[in-house]
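>>> Return a 3D structure for these sequence lines:
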Amino acid sequence: MQKKNKIILIVSAVLTVTLSVYFVNQFVIPNSSTVEVPIKDSIPEPTFEFGIRTDTFSIHKGEIQPNEIITNLLLKFNIPQQQIFEMVNKSKGVYDIERNFIAGKKYTFFCSKDSLNNAQCFIYEPNSIEYVVFDLRDSIHVYKQKRPIKTEIRTASGVISSSLYKTLQDANISPVLAIELSNIFAWTIDFYRIQKDDSFKVIYEEKFVDDKSVGLGKIIAAHFNHSGKEFQGHYFEQNGIGDYFDEKANSVKKAFLKSPLKFGRLTSGFTMKRFHPVQKINKAHLGTDYAAPKGTPILATGNGVVVESSHGVFNGNYVKIRHNSTYTTQYLHMSKRAVKTGEKVKQGDVIGYVGSTGLATGPHVCYRFWKNGKQTNHLKEDFPTAEPIQKQFKDSFEIVLKENNKKFEEVVIKK
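Down below sits the predicted model:
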């Protein structure tokens, strides 16, 4: 009996081990390295343009064609005439699309993904930064937005070979920088008398949208070497107003601009004896002639009141401005006058346009300058500056000045 029980226990143990191995093989998860996990289809991330999800629409892009009108374009995308009328009316408070629909500007239509292909949204781009959205879903909603702008600080330098404009162009730098520089130094440098081997260094902002340059920001600082003399301009804000100051904290602005034109060339200076090209005689030329294309804006060189806006046989169309009890200026041979007698003007205001009226052989402006009732050569006058940096801001300005000059030390002038 005892022997029989022993046999039964042995058989039971063998069966238990056998069954355990069987069940382990059936239910234990195989090694992870051999597991095949089914791969699910990945869901693409939604894409957006102009703040609108693009994958739910059929998208059509293009440019406004010459002589194309807004109505004809919208009709191509199945927008009813009545809806077009409402779109144009609603745009007037945001961006008058009818008056500012210009050839060459980009547009985008978001259309339904069906056989009708009806427009759901229309986007017009007046420039590379702004865009106007006409959302036609449910009701018409018009709004204007701006793309994100990234601003980078850049430097430029050069030696003048013929003109500042061409020097920048040859260096693949936006010639717009020439205009900005001339605005800063308009009171101290006559850009019509820039000489070969004059040089400059400039720190400026450039704006980018989607890594594409869309224009310049402000000039942060500039050094300009003209006729062996260095001029500096550093941007600084005081009392919330930004302006440019030299290394001594004085404003670069003066009572009068050096020239009544932004661009052109000096053709005849102030002299007591000049051979007149029309009258063919030697006579005094008590002014300075600046040649420029017809229609070039002529600027008031200082604040004042227009005391004469008239036409004369010799002067042609002309404007005369009294600035104060000491100074008066006159601008001759205009094609058209832009101000009237008695009108107040500010420095830099457009008062007329270059022409060749009166005794003139070609389009230019003759600029005349009076000091205490006597005509004088304005290029030899030393005018007082505008307000300097206030005492409480001088320490802050010194910090800015040091930072700018440290950057300038790293800029190598390229010849």
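
>>> The strand ranked longest in the chain packs against which elements?
When the chain is parsed with DSSP state E, its longest strand is strand 212-226. If contacts are counted by 3 or more CB pairs under 8 Å, 6 or more residues apart in numbering; DSSP states H and E, strand 212-226 sits against helix 176-184, strand 199-209, strand 229-238, helix 394-409. (C-beta placed from N, C-alpha, C; glycine too.)

>>> pLDDT below threshold where in this structure?
Applying pLDDT under 70 to the chain flags residues 1-42, 264, 269-285, 415.

>>> now the helices for it?
Assignment of helices within the chain using DSSP state H yields the ranges 2-27, 70-76, 81-91, 164-170, 176-184, 394-409.

>>> quick one on the thing from earlier: just the angle for the longest strand of the chain relative to strand 229-238, thanks.
Counting by axes from the mean of the first three to the mean of the last three CA atoms, to 10 degrees, strand 212-226 points 130 degrees away from the direction of strand 229-238.

>>> per the record, what domains does the chain have?
For the chain, the domain assignment from automatic domain parsing gives the residue ranges 48-146, 150-245, 265-380.

>>> Which of those sits closest to Ile389?
domain 150-245 (5.7 Å; CB to CB).

>>> Surely Val400 and Gln232 touch.
No - counting by CB atoms under 8 Å, Gln232 is not a contact partner of Val400; they are 12.0 Å apart.

>>> how near is Ile59 to Phe110?
Between Ile59 and Phe110 the distance is 6 Å, computed by CB to CB, to the nearest Å.

>>> Those two: which is more packed in?
Phe110 (24 against 13; other CB atoms under 10 Å).

>>> That one and Lys344: what is the separation?
Noted for Phe110: a distance of 50 Å to Lys344, by CB to CB.

>>> Not counting its neighbours along the chain, what's nearest Gln65?
Once its chain neighbours are removed from consideration, Gln65 has its nearest residue in Ala103; the separation is 6.3 Å (CB to CB, 6 or more residues apart in numbering).

>>> do you know which of the domains of the chain lies nearest Phe408?
Phe408 lies closest to domain 150-245 among the domains of the chain, at 5.4 Å (CB to CB).

>>> How far does that closest one stretch from one end to the other?
With CA to CA, to the nearest Å as the measure, domain 150-245 spans 27 Å from end to end.

>>> Cross-check the contact I'm expecting between the residue nearest to Gln65 and Ile70.
No - at 11.9 Å, Ala103 and Ile70 do not qualify as touching, with contact defined as CB under 8 Å.

>>> Compare those two and say which one has the larger neighbour count.
Here Ala103 and Ile70 are set side by side on neighbour count (other CB under 10 Å), and the busier one is Ile70, at 20 against 10.
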